[in-house]
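Participant: build me a model from this:
(one chain, ligands or ions: 1)
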Amino acid sequence: MAVIMALVGAIVGSFVNVVIDRVPARQSLLRPGSHCPSCQRALRPVELVPVFSYVALRGRCRTCDAPIPRRVLLVEVATAVLFAALWIGNDRVAPAVPGGTLWTAAIAVYGCVMIALFVIDLEHRRVPNAIVLPAMGLALVMTPVLAWLAPRYAHYGVVAWVAPALPLPLAALIGQLVGGVAAFGIFWLIWRIAPQGMGAGDVKLAGFVGLLTGFPCALAAVFGSFILGGVVAAVLLLSGRVGRKTAIPFAPFLIVAAFAVMVFGDVLLAWYLRR
Ligand SMILES: [Zn+2]
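Facilitator: Predicted structure coming up:
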């Protein structure tokens, strides 16, 4: 089953590639069908098979020999690994927990959104509204539903403690709104104080991440991203791969930290509260 999930992931990954190619250029996701951006030739079905076709074509268009970006392969592989890993993790944990599988499915959806935002920020240095705003709407709808169907995974801890009488979905919604406002607020402040260090896209992305992780996990995601960004920037500077003035896109750090908190937030929070 894990292999089948990897294949499903690779197919989803090839759609994520379409999103990455077309959303920043404001093109339709459906029309025209997949084609070579260099010679405009429409791709044949066999050329649409993820991973396999890239390897078979050795990363080049069959007609015009234009290189296919390596990112196409990397995104397909990343999505395949994500889906297989979630399936294996789900098999170990979820059956014992009500709504566990639903929670895993939600992480798969958010994971695809995050992969798209990660690559678009690396390639274009921006976080498109066309992705981050619908993602925020999805998070706002999904969180109360998940709190209702999968209460074990809802991040309502602090709200439930302050107001124990609140029904879980409402507590989760308040918890996520507080998380969203907190993460958005921290990034907005930094952006106002030092606009050269961060883009408006990062502020919106922080809002999305806060909505996903809720309070107080949003703070862990924000500070985790600062630490991660600091370490990577230091390594790049010391190794001479970037100069002092080079702008390093920040969204990837926020995304990696948010994903870690989303998957391991429960463990982190339990560990912290035990002290
Ligand atoms: Zn071509």
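
Participant: use CA for all of it now, contacts and neighbours both
Facilitator: Will do.

Participant: distance from the chain centre to stretch 172-180, please.
Facilitator: Taking Cα atoms, centre = their mean, to the nearest Å, one finds the center of stretch 172-180 at 19 Å from the center of the full chain.

Participant: ok, residues contacting whichever strand or helix holds F118?
Facilitator: For F118, the element it lies in under DSSP states H and E is helix 100-124. Contacting residues not belonging to helix 100-124 are listed as 13, 16-17, 19-20, 24, 75, 79, 82-83, 86-87, 90, 93-95, 126-128, 131, 135, 146, 150, 153, 249, 251-252, 255, 259, 262-263 [Cα atoms under 8 Å, 6 or more residues apart in numbering].

Participant: the stretch 151-275 of the chain: helices as residue ranges?
Facilitator: Using DSSP state H, counting those that start in this stretch, the helices of the stretch 151-275 of the chain run over 157-162, 168-193, 200-213, 217-238, 251-274.

Participant: would you mind listing what in this protein touches the ion?
Facilitator: Residues of the chain lying close to the ion (Cα under 5 Å from the ion) are C36, S38, C39, C61, C64.

Participant: who touches the third one in this structure?
Facilitator: Looking back up the chat, that one is C39. T63, C64.

Participant: same question, the fourth one
Facilitator: Under the criterion of Cα under 8 Å, 6+ apart, the neighbours of C61 are C36, P67, I68.

Participant: next: the last one.
Facilitator: By Cα under 8 Å, 6+ apart, the contact set of C64 is S38, C39.

Participant: quick one, domains of this protein?
Facilitator: 1-96, 100-275 (automatic domain parsing).

Participant: how about the ones you listed in JSON lines, adding mean pLDDT?
Facilitator: Putting the domains of the chain into JSON lines (pLDDT from 0 to 100) gives the following:
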{"stretch": "domain 1-96", "mean pLDDT": "89"}
{"stretch": "domain 100-275", "mean pLDDT": "85"}
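
Participant: buried set for stretch 61-73?
Facilitator: Of all the residues in stretch 61-73, those buried under the rule 16 or more other Cα atoms under 10 Å are C61, I68, V72, L73.

Participant: in the stretch 51-200 of the chain, what residue is nearest the ion?
Facilitator: The ion sits closest to C64 of the stretch 51-200 of the chain, with a gap of 4.2 Å, by Cα to the ion.

Participant: then that residue would be within a helix, right?
Facilitator: No - read with DSSP: H, G, I helix; E, B strand; the rest coil, C64 is coil and lies in no helix.

Participant: any idea how far S34 is from it?
Facilitator: C64 sits 15 Å away from S34, going by Cα to Cα, to the nearest Å.

Participant: give me the number of residues near I20?
Facilitator: 24 (other Cα atoms under 10 Å).

Participant: wait, what's in contact with the residue of the chain most remote from its centre?
Facilitator: Within the chain, the residue lying farthest from the chain centre (Cα atoms, centre = their mean) is T63, at 34.3 Å. Residues near T63 by Cα under 8 Å, 6+ apart: C39.
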